[in-house]
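Visitor: only geometry, no sequence info:
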């Protein structure tokens, strides 16, 4: 049986975008897993993995960290389960879009919604995140909040790619979701869980895909909730 | 036998980025084609296609315009030839990256090298391009030249995705080139043919892939040159 170590916030909320990628991947592979909470300020729990970031997947004697490596590990280790990619060419192309999502779509999203994360963290974690992120971004929390709206046009511009892709097919991967959908939506699921900030216009054609993916995330969360 | 209508400049130079995508696709499919030149100011030649843009592919009774549609047409019509995508999932993912290349990577590239295109056009075409592009971009040719350097950082930032992708594999599609490589490199081949403006640092790891793709383009051009 698998174990996924994943970030946990206040009231054990599990909102990490990278952990959601792993959650979706495990669900797509129709695998069972135990989901172990890790606090921002409690990295000792995953010290055995030799690094400090979640998600960390443990499968028997194997430990894998990094959401992309986890997806590749699951695909390779469970070839008889539904494919996350659809072949080796598709895997290489998915990686490109996975990087695009993380490096291009995510930064303006972070700037819009990160300020709201503190409400979802206990005091110790909230202090840690506020201080470390203020340092990383080179600005105070108040400045971050004040300029959040400025990042919406850039975010919307990147969404144009999703819009074009979704014009003729319901999912980024085609007629059914695959890892590319989880990679991109995982980031949006994080935003959805920590913030009410409006990301889309009501008529945005991304909405339909977003709704489908959100429903899928909710089903996964419910199933995990029942199992624990 | 296929016929590809493609843009032609001074001395019959064939530099259109979208036509190069089609050239690469035809070569990948190991198909023969006649290559018919079309001048910017001579759109009558392709009026039969019901639109004004090259490339236009004619295959028997079928006419296909738009580089992406041409690639999909070739893949569907010649399934026994080497695949451009590697399956339907890979096709959907390739389309995403094809859009990314056109909508994200291409605009800053255009701003850096377009000013040099006039030297590759006869007077009538040069006047047409200068006027139409000055209007589209909302600036004079001199202003375009003056600010070309400002777009390099944005272009370099988008290249970061290619760099990451090419760190562990020689081509964007994996161990061998596929349509995703042609889609992205087609744009760079245009820049390569019309401008000496330096796009990369000498140590950029994109260089190796770029060199391979440029050599492939030169082989295609030589084969077409011999055949005509």
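Guide: On my side now, so go ahead. None of the values given here were measured: they were computed from a predicted structure. Numbers count the residues shown, from 1 in each chain, chains lettered A, B, ... in the order given.
Visitor: what's the span of stretch A:174-181 from first residue to last?
Guide: Chord length of stretch A:174-181, first to last residue, is 10 Å (CA to CA, to the nearest Å).
Visitor: Who are the packing partners of the top helix by length along chain A?
Guide: When chain A is parsed with DSSP state H, its longest helix is helix A:206-227. Where contact means 3 or more CB pairs under 8 Å, 6 or more residues apart in numbering or on different chains; DSSP states H and E, helix A:206-227 is packed against helix A:17-28, helix A:152-165, helix A:179-194. To be clear about C-beta, it is placed using only N, CA and C from the backbone, and glycine gets the same treatment.
Visitor: again, only using 10 Å
Guide: On a contact count with 3 or more CB pairs under 10 Å, 6 or more residues apart in numbering or on different chains; DSSP states H and E, helix A:206-227 meets helix A:17-28, strand A:33-38, helix A:152-165, helix A:179-194.
Visitor: How about the longest one and chain B, touching?
Guide: Think helix A:179-194. Yes: Helix A:179-194 reaches chain B (CB under 10 Å from any CB of the partner chain) through A:179, A:180, A:184.
Visitor: for chain B, what are the nearby residues on chain A?
Guide: Residues of chain A lying near chain B (CB under 10 Å from any CB): A:83, A:85-100, A:102-104, A:157-158, A:160-165, A:168-169, A:171-176, A:178-180, A:184.
Visitor: one more time with 6 Å
Guide: A:86-87, A:89-90, A:92-94, A:96-97, A:99-100, A:161, A:164-165, A:173-174 (CB under 6 Å from any CB of the partner chain).
Visitor: what about residue A:136, neighbour count?
Guide: By other CB atoms under 10 Å in any protein chain shown, 8 other residues sit near residue A:136.
Visitor: ok, it - contacts?
Guide: By CB atoms under 6 Å, 6 or more residues apart in numbering or on different chains, the contact set of residue A:136 is empty.
Visitor: any idea which element it lies in?
Guide: helix A:123-137 (DSSP states H and E).
Visitor: residues of that helix that come out buried?
Guide: A:125, A:126, A:129, A:130, A:133 (16 or more other CB atoms under 10 Å in any protein chain shown).
Visitor: just to revisit the earlier point, report the angle between the longest helix of chain A and helix A:152-165.
Guide: On the basis of axes from the mean of the first three to the mean of the last three CA atoms, to 10 degrees, helix A:206-227 is oriented at 90 degrees to helix A:152-165.
Visitor: Of the helices and strands packed on helix A:206-227, which is nearest residue A:9?
Guide: Closest approach to residue A:9 among those is made by helix A:179-194 (8.1 Å; CB to CB).
Visitor: can you list the residues that contact the closest one?
Guide: A:15, A:17, A:20-21, A:24, A:71, A:84-85, A:94, A:97-98, A:101, A:106, A:109, A:113, A:116-117, A:120, A:171-173, A:213, A:217.
Visitor: next one: it to chain centre, how far?
Guide: The chain centre lies 4 Å from the centre of helix A:179-194; the measure is CA atoms, centre = their mean, to the nearest Å.
Visitor: repeat for stretch A:16-24
Guide: For stretch A:16-24 - counting by CA atoms, centre = their mean - the centre lies 4 Å from the chain centre.
Visitor: Check which residues of the helix or strand just after the helix holding residue A:136 are buried.
Guide: Proceeding N to C from helix A:123-137, the next assigned helix or strand is helix A:141-146, under DSSP H and E. Neighbour-count burial for helix A:141-146 flags A:141, A:144 (criterion: 16+ other CB under 10 Å).
Visitor: Can you list the neighbours in contact with helix A:141-146?
Guide: Applying CB under 6 Å, 6+ apart, the contact partners of helix A:141-146 are A:115, A:130.
Visitor: Output the below-cut-off pLDDT ranges for chain A.
Guide: Across chain A, residues meeting the criterion (pLDDT under 70) sit at A:228.
Visitor: hmm, who's touching stretch A:37-49?
Guide: Residues contacting stretch A:37-49 (CB under 6 Å, 6+ apart): A:5, A:7, A:8, A:12, A:52, A:54, A:56, A:63, A:65, A:124, A:125, A:128.
Visitor: Stretch A:201-214 now?
Guide: Applying CB under 6 Å, 6+ apart, the external contacts of stretch A:201-214 come out as A:159, A:162, A:163, A:166, A:185, A:200.
Visitor: So which of those residues is the closest to chain B?
Guide: residue A:162 (8.5 Å; CB to the nearest CB).
Visitor: Leaving out the residues flanking it, which one is nearest to the closest one?
Guide: Leaving aside its chain neighbours, residue A:162 sits nearest to residue A:206 (5.3 Å; criterion: CB to CB, 6 or more residues apart in numbering or on different chains).
Visitor: Residue B:96 versus the one you found, what's the distance?
Guide: According to CB to CB, to the nearest Å, residue A:206 stands 13 Å off from residue B:96.
Visitor: neighbour count winner among those two?
Guide: Taking neighbours as other CB under 10 Å, residue A:206 and residue B:96 compare with residue B:96 leading, 23 against 18.
Visitor: these two touch, right, the more buried one and residue A:164?
Guide: No: the pair residue B:96 / residue A:164 is not scored as a contact, 8.3 Å apart, by CB atoms under 6 Å.
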